[in-house]
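Asker: Here is a sequence together with a model predicted from it:
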Amino acid sequence: MEYLETDHVRPSADGESVIYLDQSLLPGMEEWKKCSEIREMYDAIKRLEVRGAPCIGIFAGYCMAVRAALLAKKEGNAAGLLSELKKEAEYLNSSRPTAVNLSYVIGLMISRAENALAGDGSISPKNLSELLMKEAERVHLEDIDMCAKIAENGLSLIEDGYGILTHCNAGPLATSRLGTALGPILLGKSRGMEFHVYADETRPLLQGARLTSYELSKAGVDVTLICDNMAASIMKQGRIQACFVGCDRVAANGDTANKIGTLGVAVMAKHFGIPFYVLGPKSSIDISCGSGADIVIEERSPEEVKLGYFSKPSAPGSVRCYNPSFDVTDHELITAIITDGGILRPPFHQSIGSLFNE
């Protein structure tokens with residue numbers, strides 16, 4: 001797809017590797033990488049070189065298509081290809097357990113292959129791999145469309161001149177084009193609106209500092225970077241009129257998993273009477289997950305806390321660290337969940353149920 005060739009995740013021209021911008025090196029270095037082997041794909045997600053729930057989903061789709069293309073050269077029939085692809089899919093899915101888009105897209109790709117095989121038992125491995133590449137491109141294009149709808153819906157809730165607090169990164173880098181949480185801001189800016197965004201740095205991996213401030217400043221948005229522990233003070237001063245955050249998984253009752261620290265932002269926003277909005281695609285809602293208690297929270301290496309982006313350790317080597325990658329924001333703290341399917345408001349079990357029963 002020619003108009004996808006500038007995106008930060010895309011297939012190579014021969015369809016035998018996935019090209020991506022390594023987000024772990026930003027903003028100091030913009031380095032493009034290629035991966036073809038399943039272990040490389042797993043590592044790209046695990047090391048946060050590719051991150052952001054929707055972006056991980058897009059990447060996973062292309063990974064499955066690329067692996068199918070390479071397996072097609074080894075497997076004599078489509079059934080054998082699918083058998084091997086399922087093993088690799090299970091491995092790739094284990095790279096990040098919290099982001100639902102990863103499992104959703106992998107499941108979609110495997111289901112597409114199974115349906116194709118059931119419909120035409122004589123389909124060749126090559127034709128099956130080509131079909132999966134088209135499916136991955138469809139997922140990518142669907143995300144672009146979803147982000148545009150989320151941006152429009154979110155923009156309807158804010159006004160010119162608003163102060164907006166963000167946490168972590170849910171912009172174009174984490175998705176496809178406009179992003180989710182940053183989508184309304186970027187769309188409004190393109191229409192002549194002005195906002196002042198306060199971006200939490202988002203410890204310990206500084207996605208807000210490295211990525212959100214990078215994206216917003218490149219777009220000409222007025223952005224101020226703050227340490228995570230400054231958010232309450234900024235709210236108390238009346239500088240914030242809305243909080244925008246992304247999501248990695250939304251439970252059926254509206255509980256939401258997002259980057260660690262999101263819960264604290266929501267609690268503070270509730271205290272100061274500031275609207276707290278969660279923005280994400282319908283695909284991030286997991287209706288099989290009853291509540292936040294059912295969401296598996298990934299724990300990462302303690303070294304990220306003590307070393308991270310510091311030139312020297314920030315604590316003695318013997319000190320234990322607790323490093324969950326996400327936390328769960330209770331639905332009672334959320335003003336609205338903004339999706340491509342509309343703006344969902346409390347009671348969320350009803351509005352989410354209605355969204356999936358349309």
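Answerer: In hand now; what should we look at?

Asker: and the residue lying closest to residue 182 once chain neighbours are set aside, how far is that from residue 68?
Answerer: Excluding the flanking residues, the one nearest residue 182 by Cβ to Cβ, 6 or more residues apart in numbering is residue 171, at 3.6 Å. In this view, the C-beta of every residue, glycine as well, is placed from N, C-alpha and C. For residue 171, the distance to residue 68 equals 30 Å [Cβ to Cβ, to the nearest Å].

Asker: For stretch 196-209, measure first residue to last.
Answerer: Distance between the two ends of stretch 196-209: 15 Å, counting by Cα to Cα, to the nearest Å.

Asker: Give the buried residues for that stretch.
Answerer: With burial defined by 16 or more other Cβ atoms under 10 Å, the residues of stretch 196-209 counted as buried are 197-209.

Asker: you'd agree residue 160 is up against residue 191?
Answerer: No: Residue 160 sits out of contact with residue 191 when judged by Cβ atoms under 8 Å, with a separation of 9.5 Å.

Asker: Quick one: residues contacting the residue nearest to residue 182.
Answerer: With contacts taken as Cβ atoms under 8 Å, 6 or more residues apart in numbering, residue 171 has the following neighbours: 178, 179, 181, 182, 183, 186, 211, 212, 215, 216.

Asker: again, only this time at 10 Å
Answerer: The contact partners of residue 171, by Cβ atoms under 10 Å, 6 or more residues apart in numbering, come to 52, 147, 177-183, 185-186, 207, 211-212, 214-216, 218-219, 246.

Asker: Just the buried residues from those residues, in ChimeraX please.
Answerer: This is how ChimeraX selects the buried members of those, with burial counted by 16+ other Cβ under 10 Å:
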select :52,147,177,178,179,180,181,182,183,185,186,207,211,212,214,215,216,246
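
Asker: Quick one: the helices in the stretch 151-300 of the chain, in order.
Answerer: 183-190, 207, 213-218, 231-236, 262-272 (DSSP state H, counting those that start in this stretch).

Asker: which other helices and strands contact the fourth one?
Answerer: In other words, helix 231-236. Secondary structure elements in contact with helix 231-236, counted by 3 or more Cβ pairs under 10 Å, 6 or more residues apart in numbering; DSSP states H and E, are strand 163-166, strand 196-200, strand 222-226, helix 262-272.

Asker: Let's see that with 6 Å instead.
Answerer: Helices and strands touching helix 231-236, as assessed by 3 or more Cβ pairs under 6 Å, 6 or more residues apart in numbering; DSSP states H and E, comprise helix 262-272.

Asker: which residues are contacting the helix it packs on?
Answerer: Counting by Cβ atoms under 6 Å, 6 or more residues apart in numbering, the neighbours of helix 262-272 from elsewhere in the structure are 167, 232, 235, 243, 245, 276, 327, 329, 333.

Asker: Please name the nearest non-neighbouring residue to the first one.
Answerer: This means residue 167. residue 200 (4.5 Å).

Asker: ok, now which ones touch that neighbour?
Answerer: When contacts are counted by Cβ under 6 Å, 6+ apart, residue 200 is found next to 167, 208, 228.

Asker: Now do the contacts for the last one.
Answerer: Okay, so that is residue 228. Shown in contact with residue 228 (Cβ under 6 Å, 6+ apart): 200, 201, 203, 261.

Asker: go with 10 Å
Answerer: Residues touching residue 228, when contacts are defined by Cβ under 10 Å, 6+ apart, comprise 167, 200, 201, 202, 203, 204, 206, 208, 260, 261, 264, 265.

Asker: Fine by me, we can end here.
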